[in-house]
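Undergrad: pasting the sequence and the predicted coordinates here, then a few questions.
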Amino acid sequence: MSTQDHEERTIRCLVAKVGLDGHDRGAHVIARAFRDAGFEVIYSGLHKSPDEIVQAAVQEDVDVLGISILSGAHNTLVPKIVAGLEEYDAFEDTLIIVGGIVPEDDRPGLREAGVDAIFGPGASMAETIDFIRENVPER
Amino acid sequence: MSGAEAETDRLIEELLAGKHRALARVISKIEDRAPGYRDLVSALHEHTGDATVVGITGSPGAGKSTLVDKMAETYRRRGETVGVIAIDPSSPFTGGAVLGDRIRMASNVGDMDVFFRSMSARGTLGGLSTATTDAVKALDAFGKDRIIIETVGAGQNEVDIVGTADTVAVLVPPSSGDDVQMLKAGILEIADVFVVNKADMEGADRTVQELKEMVHMRDASPLAGTAGHHGMDESALSDDEEDDDGERDGWEPPVVETVAKTGDGVEGFLDTLVDHRAWLESSGELESRRRERTEEEIRRLLRAEAADLVREEVDARGGLDAYVDAVLDRETDPYAVAAEVTAPIRDCVGDARE
């Protein structure tokens, strides 16, 4: 196998806005930062249902699913997404991160549901990108 | 059986059984040129050939994604399954990309029978067309009835990529320039069908008119026919192929109007694609295009294989530095170096042939 045939694998990431919240500036900023880090970013657009996010994550075969939620609906929406990924055998090798407003009390529950990391306000972009680079699933 | 072979077998089996995850993973391996991807594509080949492949191209903002969305919706309503590959540019500096066409696939959310996959150009010269061709094979083998390739729409790449499609539709937005634009070489020459999208906008009628005139001028030119028909068969056929109007039995790219946002004209556009397909089959053009495409595919792979051989030979000789020094010192020259490095490969190939 030649060297050119197998370059370093490009990290693919879905940046997802689920549910009713209508603020996507943060998602745009993250999408751009990921792009500049050399990732391939698929942005979902606003107001997506968990099913739509699952469909996109499965078809695009992303390494990382980044869910941005400000609305407070994370406890209902995130488990639905996880269940959908499991249904398509996509949960095991997808790194799931959540960004936005997640109260401290809700964090253990989300981790239990299958979320790998939660980045709240104040988390730096570099920190997020490093976390992804270090934890992206082996395939 | 090695682990990699077992994985290839498993992926192929699951893909053919209709598992979306396996299809998605196969396309990733193709994109990544991951170890074993060649075996994957080889295994897919015998299961391909049933899908119709349409290429959609045109300038940015022409409405390609929205039209593709409505096409997929219409096909689904007719009970057909659809695969879409949407290509977006990647950054030449970081290799990163934002692949944003999926947002416009609003009509098909939650419908897994529309398999939409974003691909980035990944900046590799010639690599994209190979990856696209191979990804189309994966969708075809999976059993998709219709495959749509949507391109970036901003340069020479398109001409390459559409080589994968049986029919190429070029979207032209209204008022997209004066009529001299229409005379310029490039993207307009590859069209089998023109689509003036956003036909409800001002200037649409004029754009349709200009395109029609351009098509007509192309047909009227003494060179018409040779472009689409490849010389030899044309000269053999041309005498009795003229009908009463003196027109050749060729294909004059029709100009259709759509408003993708509302879906107006999409049915008519799809009918035009069916017409083109029928013409491709009856004229023998489909057969000849597929032959040409296969030949080009083989040539491309041959070039890649040969390049690998040369790279290995250069590595075995400890790289090019010493040769560069020698050339700069005028002890030898680049042609002599190239001949020297490739000589053993040439000898081996020559010996094996005899």
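TA: Structure received.
Undergrad: which intervals of the chain have sub-threshold pLDDT?
TA: No chain in the question, so chain A it is. A:1-8 (pLDDT under 70).
Undergrad: sorry, I should have been clearer: chain B.
TA: Using pLDDT under 70, chain B drops low at B:1, B:123-127, B:153-159, B:161-162, B:176-187, B:219-249.
Undergrad: which of the helices or strands spans the residue positioned nearest the centre of chain A?
TA: The centroid of chain A falls nearest to residue A:66 when counting by CA atoms, centre = their mean (1.5 Å). In this structure, residue A:66 sits in strand A:64-69 according to DSSP states H and E.
Undergrad: please compute how far that strand lies from its chain's middle.
TA: From the chain centre to the centre of strand A:64-69 is a distance of 3 Å (CA atoms, centre = their mean, to the nearest Å).
Undergrad: check which helices and strands the very next helix or strand once past it sits against.
TA: Note on strand A:64-69: by DSSP H and E, the next helix or strand toward the C-terminus is helix A:74-87. Taking 3 or more CB pairs under 8 Å, 6 or more residues apart in numbering or on different chains; DSSP states H and E as contact, the helices and strands that helix A:74-87 lies on are helix A:50-60, strand A:64-69, strand A:95-100, helix A:107-113. C-beta: built from backbone N, CA, C; applies to glycine.
Undergrad: if we can go back for a sec, and the strand holding residue A:66 with chain B, contact?
TA: No. Strand A:64-69 stays clear of chain B (CB under 8 Å from any CB of the partner chain), getting no nearer than 13.0 Å.
Undergrad: how about the residues of chain A by chain B?
TA: A:1-7, A:9-10, A:12, A:31-32, A:34-45, A:48-49, A:51-52, A:55-56, A:58-61, A:88-90, A:139.
Undergrad: which secondary structure element contains the closest residue to chain A within the stretch 251-354 of chain B?
TA: The minimum distance from the stretch 251-354 of chain B to chain A, using CB to the nearest CB, falls at residue B:308 (4.3 Å). Residue B:308 belongs to helix B:285-316 when assigned by DSSP H and E.
Undergrad: so which elements touch that helix?
TA: helix B:127-142, helix B:266-283, helix B:334-353.
Undergrad: so residue B:100 sits right up against residue A:40, yeah?
TA: No. Counting by CB atoms under 8 Å, residue B:100 sits too far from residue A:40 to count as a contact (11.3 Å).
Undergrad: more crowded one of the two?
TA: residue A:40 (26 against 17; other CB atoms under 10 Å in any protein chain shown).
Undergrad: how about that one, what does it touch?
TA: By CB atoms under 8 Å, 6 or more residues apart in numbering or on different chains, residue A:40 lies in contact with A:10, A:11, A:12, A:13, B:90, B:96, B:97, B:99, B:118, B:120.
Undergrad: now the second one: phi and psi?
TA: The reference is to residue A:11. phi -80, psi 130 (degrees, to the nearest 10).
Undergrad: all strands for chain B, in order.
TA: Secondary structure of chain B (DSSP state E): strands at B:52-58, B:82-88, B:97-99, B:114-120, B:146-150, B:167-172, B:193-196, B:255-257.
Undergrad: for the fifth one, which strands pair with it and how are they oriented?
TA: Applying DSSP bridges to the sheet, strand B:146-150 is found paired with strand B:52-58 (parallel), strand B:82-88 (parallel).
Undergrad: again, but for the last one
TA: Strand B:255-257 sits in its sheet next to strand B:193-196 (parallel), going by DSSP bridges.
Undergrad: pull the residues that contact the strand it pairs with.
TA: Contacts of strand B:193-196 (CB under 8 Å, 6+ apart): B:58, B:67, B:167-174, B:188, B:204, B:207-208, B:211, B:215, B:253-258, B:269, B:272-273, B:276.
Undergrad: okay, now residue A:134: neighbour count?
TA: Using other CB under 10 Å, residue A:134 has 7 neighbouring residues.
Undergrad: quick one, which of the strands paired with strand B:146-150 is nearest to residue A:109?
TA: strand B:82-88 (36.3 Å; CB to CB).
Undergrad: measure how far that closest one is from the centre of its chain, please.
TA: On CA atoms, centre = their mean, the centre of strand B:82-88 falls 11 Å from the chain's centre.
Undergrad: distance of residue A:135 from residue A:114?
TA: Separation of residue A:135 from residue A:114 (CB to CB, to the nearest Å): 14 Å.
Undergrad: next: residue B:259.
TA: 43 Å.
Undergrad: same check on residue B:106?
TA: Distance, residue B:106 to residue A:114, using CB to CB: 28 Å.
Undergrad: buried subset of the contacts of strand B:193-196?
TA: Buried members of the contacts of strand B:193-196, counted by 16 or more other CB atoms under 10 Å in any protein chain shown: B:58, B:67, B:167-174, B:188, B:204, B:207-208, B:211, B:215, B:253-258, B:269, B:272-273, B:276.
Undergrad: wait, what's in contact with residue B:114?
TA: Residue B:114 neighbours (CB under 8 Å, 6+ apart): B:72, B:76, B:81, B:82, B:83, B:84, B:105, B:108.
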